[in-house]
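Participant: Below are the sequence and a predicted model; questions follow.
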Amino acid sequence: MAQRLKFLPLLLAAAPAYAQPVQAPLPPPVAAPQDRHYPGEITLAVDATDLDRHIFRMHETIPVPPHENLTLVLSKWLPGNHAPTGPIPLLAGLVITAGDQELNWQRDPVNMYAFHVEVPNGTATIKVAYAYLSPLDSKQGRITITPDMLDVSWRPETLFPAGYYQRDIGVRASVTLPEGWQYATALTTLVSSNGRVDFAPVPLDVLLDSPLFAGRYVSRIDLDPNGAVPVHLNIFADKPQDLKVSPEDLQAHRNLVQQAYRNYGGHHYDHYDFLLSLSGQMGEIGLEHQRSSEVGTIEEYFTDPSKSAAGRDLLPHEYTHSWNGKFLRPADLWSPDEVTVPERDSLLWVYEGQTDYWGQVLAARSGILKPAQVRDLWAMTAASLDAGTPGRTWRNLQDVTNDPIIAWARPTQWSSWSRFYDYYPEGVLIWLDADTLIREKTNGAKSLSDFARLFFGVDNGKWVTKTYTFDDLTHALNEILPYDWAGFFHTRLQGKSPHAPLDGLARGGWKLVYTTDESTLLKSVEAQRKIAIFTYSLGLTLGQDGAITDVLWDSPAFKAGLAPGEKLLAVNGLAADSPGVLSDAITAAATDTSPIVLLVRNANRYRDVPINYHGGLRAPHLARISGTPDRLDDILLPLK
């Protein structure tokens, strides 16, 4: 050892002298957007005929601004997703040419949504060809092409020049569809021939906000005959029989338009198109646009309204976004290019929470849902937050508005503890609280509908986006009812109470209760999602084939050691071949001191899990508080 140590100084002296770690310099950032006119007009052609392989083939001709480096970008921050979820991995086969010369391009090493193009001096235009590889399986993402229908969303598929506001770039778009298919979109058609449809030129932001549905089996219904502006419901289905709409449903959806006008006092479109897909193959969606909405739901939407009840507030929700979110948008949620300027989600409890409230209220006022169904929906909302969200003891609602950016729309396995997208349901309770408060303090003379007309009804007929702040919101509310609205919201947004804000229900004359009978709306949720909900008793949810899909934090199931991902095989020695086996065991345990014993499998391991629960089945409902005004009934009545 001594002999080796003698040579150590010589070895160290011979070693190379490495510098301390220093970060490599970052490249120049992608050009920030400027509010300036883009020279020339982009042409965009989409070939959407490859139904078997789900491939959209894209071709663009892009004018090259003189004396500028050209960078092409894809939308990163997707409106409605509120997160940097642009599907950049689905873009493939990118080839850029100028004349006969193929040009070199290089992806930005920091912003993966940007492609720097080496354009020779004097080049007037370039051609861009690539494919958008839409998902083949729902595990890869939402299915947008089936043998019978498709959805061209434009935004996740279109490259455009960096350094400009989207509204300053002109685009002339076309799409080639399968032979014989019909289509609907908010865009204006110039020519339609042999499957190719050419649209009138529009600013890029309008194109990206105007999706197109196409399909074999299509129905188009006028929802506002002789109205000031056209409003149509465009239905795309897997089967022709799913297009049949009853007279009652037709009238309810026509009522929706009129009830929205009465609630908001105007409109912000030159025409509006509901794009509705009824499919077991096309991916479900609910996405807002200024002059249209993308909604995908179950095939039975019209043919079985009881089964589809849990999702029948979706059309009113997305329609409301034309006012709340698209025309008026929180200032920190607006991005001029959707690439370099990130969104911030601090007001999602307004953008989504208030929209969810109005969507449910308008569903009742129009007749798309019955008032009793909306009350059942509010009971489920209250229970899920009051008894089903213990995470509210450590995380306030304001922080939850960051969820889209944190989670990229992917729920965690323990969502009741981490909290997931609660600004939707808790936003409903907050705005119900505000509505009933206004009604109480004005003796019914005013309501939140007065605020909606004041706030969203400005500039009737115009649809250029305007932004607002928290102060703008509270100022408008003070015009309706002078009150400490800032304090009202801060208490509810910043607090960490273990209980949900249920004051609106109580002030509305109702309270949350639990019974052994499930409401029809809860049954609809279970039928659509193919689950069995035992959240309010054992604290777990079962999926298909006995899969445990969710476990409520600190519930009896949680304390017994169960976790999502395990599979229920037997209950008290009986094969769990249906959820009814577990229901029967829970019911029996209410009058028995023996634990409920579940046999579960986790990978290749089996174990018995005893749960000492004797509270019986519990399902949420609302019950009237005797001697109080029924303000919920007033809220859900149609406006005259």
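Facilitator: The structure has been received and is ready for your questions.
Participant: buried ones in stretch 49-63?
Facilitator: The neighbour-count check on stretch 49-63 (16 or more other C-beta atoms under 10 Å) flags 49, 54-58, 60, 62-63 as buried. No exception for glycine: its C-beta is placed from N, CA and C like everyone else's.
Participant: so which of the residues you listed comes closest to Ser322?
Facilitator: Phe56 (26.5 Å; C-beta to C-beta).
Participant: so that closest one makes contact with Pro135?
Facilitator: No. Judged on C-beta atoms under 8 Å, Phe56 makes no contact with Pro135 at a distance of 11.6 Å.
Participant: what's whichever strand or helix holds Leu505 packed up against?
Facilitator: Assessed by DSSP states H and E, Leu505 sits inside helix 503-507. Here helix 503-507 touches helix 425-441, going by 3 or more C-beta pairs under 8 Å, 6 or more residues apart in numbering; DSSP states H and E.
Participant: Could you list the residues in contact with the helix it packs on?
Facilitator: For helix 425-441, contacts defined as C-beta atoms under 8 Å, 6 or more residues apart in numbering pick out 348-350, 352-354, 356-357, 360, 378, 381-382, 384-385, 397, 400, 446-448, 450-451, 477, 480-481, 483, 485, 488-489, 492, 500-505, 507-508, 631, 634-635.
Participant: Specify the next element, helix or strand, located C-terminal of that helix.
Facilitator: As assigned by DSSP H and E, the chain's next helix or strand after helix 425-441 is helix 448-456.
Participant: In strands, which of the contacts of helix 425-441 fall?
Facilitator: Using DSSP state E, no member of these sits in strands.
Participant: From these, list the buried ones, please.
Facilitator: Among those, the ones that count as buried by 16+ other C-beta under 10 Å are 348-350, 352-354, 356-357, 360, 378, 381-382, 384-385, 397, 400, 447-448, 450-451, 477, 480-481, 485, 488-489, 492, 500-505, 507-508, 631, 635.
Participant: Of those, which belong to helices?
Facilitator: Counting by DSSP state H, those place 348-350, 353-354, 356-357, 360, 378, 381-382, 384-385, 397, 400, 448, 450-451, 477, 480, 485, 488-489, 492, 503-505, 507, 631, 635 in helices.
Participant: before we move on, the earlier item: just checking, what packs against the very next helix or strand once past the helix holding Leu505?
Facilitator: Using DSSP H and E, the helix or strand that follows helix 503-507 in sequence is strand 510-515. Applying 3+ C-beta pairs under 8 Å, 6+ apart, we find strand 510-515 packed against helix 371-386, strand 619-624.
Participant: Quick check: which of the ones you listed is nearest to Leu639?
Facilitator: Among those, helix 371-386 comes nearest to Leu639, with 13.8 Å by C-beta to C-beta.
Participant: can you tell me which of the buried residues of stretch 49-63 are in strands?
Facilitator: Per DSSP E, these map to strands at 49, 55-58, 60, 62-63.
Participant: from the residues you listed, which is closest to Asn194?
Facilitator: Thr49 (11.5 Å).
Participant: nearest spatial neighbour of the closest one, skipping sequence neighbours?
Facilitator: Leaving aside its sequence neighbours, Thr49 sits nearest to Pro178 (C-beta to C-beta, 6 or more residues apart in numbering; 5.3 Å).
Participant: Would you confirm that Gln528 contacts Ser308?
Facilitator: Yes. With contact defined as C-beta under 8 Å, Gln528 reaches Ser308; the gap is 7.3 Å.
Participant: so what sits against both of those two?
Facilitator: What both Gln528 and Ser308 touch, as defined by C-beta under 8 Å, 6+ apart, is the set Ile298.
Participant: Show me which of those two is the more surrounded one.
Facilitator: A count of neighbours by other C-beta atoms under 10 Å puts Ser308 above the other of Gln528 and Ser308, at 20 against 17.
Participant: wait, isn't that one in contact with Ile298?
Facilitator: Yes. Using C-beta under 8 Å, Ser308 is in contact with Ile298, at 5.7 Å.
Participant: Identify the contacts common to those two.
Facilitator: Joint contacts of Ser308 and Ile298 (C-beta under 8 Å, 6+ apart) are Gln528.
Participant: unless I'm mixing things up, Trp485 is touching Asp472, no?
Facilitator: No. Counting by C-beta under 8 Å, Trp485 stays clear of Asp472, with 11.4 Å between them.
Participant: which other helices and strands contact the helix or strand hosting Thr587?
Facilitator: Assigned by DSSP H and E, Thr587 falls within helix 579-589. Helix 579-589 makes packing contacts with strand 532-534, strand 567-571, strand 574-575, strand 596-602 when contacts are defined by 3+ C-beta pairs under 8 Å, 6+ apart.
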